[in-house]
Structures are given as C-alpha cells and as structure tokens.
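Enquirer: Okay, here's the prediction I keep looking at, along with the sequence it came from:
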Amino acid sequence: MKELKVAFIGAGSMAEAMISGIVESGTVKKENIYVTNRSNLNRRHELIRKYGIKAMHTEELPYEEIDAFILAMKPKDAEKAMKPLKEKIQPEQTIMSVLAGISNHFIEACLHSGQQVIRVMPNTSSMIGESATALSPSPNVSMENVWMAEELMAAIGKVFVIKESQMDLFTGIAGSGPAYFYYLMESIEKTAEENGMDPEMARKAGAQTILGAAKMMMSREETPSQLRENVTSPNGTTAAGLEALKFNGGGHAISQAILSAAERSKEMSEQLQEAILVK
Ligand SMILES: NC(=O)C1=CN([C@@H]2O[C@H](COP(=O)(O)OP(=O)(O)OC[C@H]3O[C@@H](n4cnc5c(N)ncnc54)[C@H](OP(=O)(O)O)[C@@H]3O)[C@@H](O)[C@H]2O)C=CC1
Ligand SMILES: O=C(O)[C@@H]1CCC=N1
C-alpha cells in the first residue's frame with residue numbers, strides 16, 4: 001500500500017482534507033501522492049509546502065505510473081476535466097470520484113467503457129482522520145481494487161461500502177453532515193453570547209459535548225434513544241429542553257436537511273445525465 005501512487009485531480013478543500021488525513025496516517029508515502037489543478041499555482045506551492053507531496057498541472061502527471069486517480073473538482077467541471085484524462089489513462093486504472101451527485105455511469109461514459117470506477121463520499125473530517133466515507137464500486141471493479149480503495153479510505157476515517165442507489169442519502173447524512181453540526185454550534189455560541197457567556201468557552205463546552213455524545217454512541221450498546229432517556233430526569237432541565245426542541249421542529253428540521261441534500265445530489269446527477277443525452 002505504501003508504494004501505491006495516488007493522483008488527486010483538483011486541489012480544493014476536499015482534496016486537501018483527504019491528503020492531510022492520508023499523509024498523517026502514513027498509509028501512502030507522501031512522495032507518491034500527486035495533486036493537480038487547472039490554474040492556481042499558489043495553491044500548488046501551498047500543498048507542496050504543507051504536505052511534502054507533488055503538485056502540478058494535470059497535463060504534467062506521470063499517468064502511466066499512477067495506480068489510482070481521485071477526481072476532486074466541482075461536479076460542474078467534471079466533464080471538462082475528464083477530457084484530457086481519457087486520452088492518457090488505461091481502462092484498467094482505478095478512478096475514484098468524490099464528486100457529489102455524479103454517478104459511476106457518468107464517469108464511465110466520459111472515460112472508457114469498462115473503466116474501474118469507484119464512487120466515494122468522504123467528508124471534511126478526513127483532515128483529521130475522522131471522516132465517515134462511503135464507497136460504491138461499479139460492477140466491473142476487481143475485488144483487489146475495492147480492497148485497495150477501502151484501505152486507502154480507512155486512512156481518513158471509517159469506511160462504509162454501500163450500493164450506489166444509497167449514495168444520495170449517504171451524502172445527505174455524512175457528506176454534508178459536518179455542516180449541520182457546525183450550524184448547531186453557531187447557534188450554541190450565539191445563544192451563549194446573547195446571554196452573557198464567553199462564546200469561546202461555550203464553543204469548547206459545546207464541542208466537547210458533541211464529541212462525548214458521539215463517543216458514547218460509538219462505544220456503548222444503548223441506542224441513541226436510550227442514551228437520551230438516561231440524560232432526561234422527569235420534569236428536569238433536559239425534559240424542558242427536549243420539549244422546546246420538539247415543539248420547534250428540531251427532529252423534522254434534521255430530517256428535512258438530510259432529505260433536501262439527498263434530493264439535490266439526485267438532481268445534480270439527473271441534470272448531468274440529461275446534458276450527456278442532449279449531446
Ligand atoms: N467540501 C466537502 O465537504 C465535500 C466535497 N465533496 C466533493 O468534492 C469536490 C471538490 O469540492 P471542493 O474541494 O469543495 O472544491 P474546490 O472548489 O475547493 O476545488 C476545486 C478544485 O478543482 C480544480 N479544478 C477545476 N477544474 C479542473 C480541471 N479541469 N482539471 C483539474 N482541476 C480542476 C480547481 O483548480 P483551480 O483552482 O486551479 O481552478 C480546484 O483546485 C466536489 O465535487 C464536491 O462535490 C465531497 C464530499 C465532501
Ligand atoms: O456541498 C456539496 O455539494 C459537497 C458535497 C458534500 C459536501 N459538500
């Protein structure tokens with residue numbers, strides 16, 4: 001695995017989060033990690049300096065040496081980015097894609113039929129090795145390459161192999177998920193500040209509370225609802241807080257956030273699919 005050569009096509013925040021996690025874990029040698037972008041030279045220098053990896057224009061990649069390409073540009077740029085790639089890669093080379101709403105079928109259609117494509121949905125907690133990452137290989141991917149992808153993605157957190165039909169929902173839960181918790185924290189901080197508490201301290205206390213609750217859910221046998229009941233004394237503070245949360249549609253809001261994100265992922269996929277059919 002250490003000898004694996006990986007090339008990220010796209011050098012934005014998601015590529016950096018994954019590179020950071022992979023370099024930190026030592027799963028792949030940093031000199032075997034390549035990252036490319038379209039035009040931003042400063043960004044390339046920044047990534048070389050921060051991680052000791054190789055950064056260049058996509059045209060300059062040593063294509064034949066790369067074992068796995070990871071597509072990490074915005075979905076709208078995908079088709080254009082894959083054009084030069086098609087001429088240089090072989091069908092047996094593995095392509096992983098972290099692009100929200102872009103199906104394995106779309107990528108195969110842009111590259112070679114029978115291309116080994118694995119759809120991946122990480123989140124930005126990859127940066128610290130704490131992503132919840134879904135993998136969904138297209139049917140023609142060899143078992144060996146699925147294992148390679150699982151091992152590589154294990155460097156950035158927990159890995160879940162799922163059917164591609166579940167990818168939109170997974171995106172709504174875990175790909176976009178960190179933003180829901182950051183939004184929650186923004187509310188915690190704002191409420192604390194408005195009520196005279198140091199927002200810095202409230203942020204630390206709130207973050208520790210989220211971390212503690214997450215660790216309880218990952219390490220204990222109890223279900224989230226049993227854990228919630230354990231916090232809730234009859235007629236106590238938590239009961240009052242939960243009642244306000246329910247009255248104000250807290251559960252419904254979360255559910256709607258997940259479903260709206262999933263719907264958007266599906267919509268993005270359909271729009272691109274239509275664009276291919278029109279051509
Ligand atoms: N952010 C997140 O939390 C998550 C994002 N994703 C997915 O990750 C992908 C990237 O998102 P993000 O990192 O936020 O995007 P950014 O906008 O931060 O970065 C996009 C990168 O793509 C590069 N790029 C654009 N066109 C090309 C091209 N033709 N060839 C090579 N590189 C190109 C850009 O280069 P330049 O600057 O030179 O133009 C830039 O480095 C998206 O598809 C998103 O759906 C998935 C999971 C979570
Ligand atoms: O907002 C987006 O489209 C990307 C995909 C998942 C998280 N961020």
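Expert: Okay, I see it. Ligands and ions are numbered 1, 2, ... in the order given.
Enquirer: pLDDT below threshold where in the stretch 101-250 of the chain?
Expert: Scanning the stretch 101-250 of the chain for pLDDT under 70 picks out nothing.
Enquirer: Can you show me the strands along it?
Expert: In the stretch 101-250 of the chain, the segments counted as strands under DSSP state E, counting those that start in this stretch are 116-121, 131-137, 157-161.
Enquirer: As TSV, the ones you listed with mean neighbour count would be great.
Expert: (Each C-beta comes from the backbone N, C-alpha and C, glycine too.) TSV is the format used below for the strands of the stretch 101-250 of the chain (neighbours: other CB atoms under 10 Å):
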stretch	mean neighbour count
strand 116-121	26
strand 131-137	24
strand 157-161	17
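Enquirer: Can you convert those strands into TSV and add a column each for distance to residue 265?
Expert: TSV is the format used below for the strands of the stretch 101-250 of the chain (distance: least, CB to CB, whole Å):
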stretch	distance to residue 265
strand 116-121	9
strand 131-137	12
strand 157-161	16
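Enquirer: Out of those, flag the one nearest ligand 1.
Expert: strand 116-121 (5.8 Å; CB to the nearest ligand atom).
Enquirer: who touches the residue nearest to the spatial centre of the chain in this structure?
Expert: Centroid-nearest residue in the chain: residue 122, 2.1 Å away (criterion: CA atoms, centre = their mean). Residues near residue 122 by CB atoms under 8 Å, 6 or more residues apart in numbering: 14, 17-18, 98, 131, 133, 153, 156-157, 175.
Enquirer: switch to 7 Å and redo it
Expert: 18, 98, 131, 133, 153, 156 (CB atoms under 7 Å, 6 or more residues apart in numbering).
Enquirer: mind checking how far the second one is from residue 227?
Expert: Put plainly, it is residue 98. For residue 98, the distance to residue 227 equals 32 Å [CB to CB, to the nearest Å].
Enquirer: what's the answer for the fifth one, then?
Expert: Taking CB to CB as the criterion, residue 153 is separated from residue 227 by 28 Å.
Enquirer: which one of the two has more residues nearby?
Expert: Ranked by neighbour count (other CB atoms under 10 Å), residue 153 and residue 227 place residue 153 first, with 29 against 14.
Enquirer: Residue 135 is in contact with the more buried one, correct?
Expert: Yes: when contacts are counted by CB atoms under 7 Å, residue 153 is listed as touching residue 135 (6.2 Å).
Enquirer: any common contacting residues for those two?
Expert: The contact lists of residue 153 and residue 135 share 120, 159, where a contact means CB under 7 Å, 6+ apart.
Enquirer: Please give me every residue in contact with the closest residue to ligand 1 within the chain.
Expert: For the chain and ligand 1, the shortest gap (CB to the nearest ligand atom) falls at residue 12, measuring 1.9 Å. Residues near residue 12 by CB under 7 Å, 6+ apart: residue 72.
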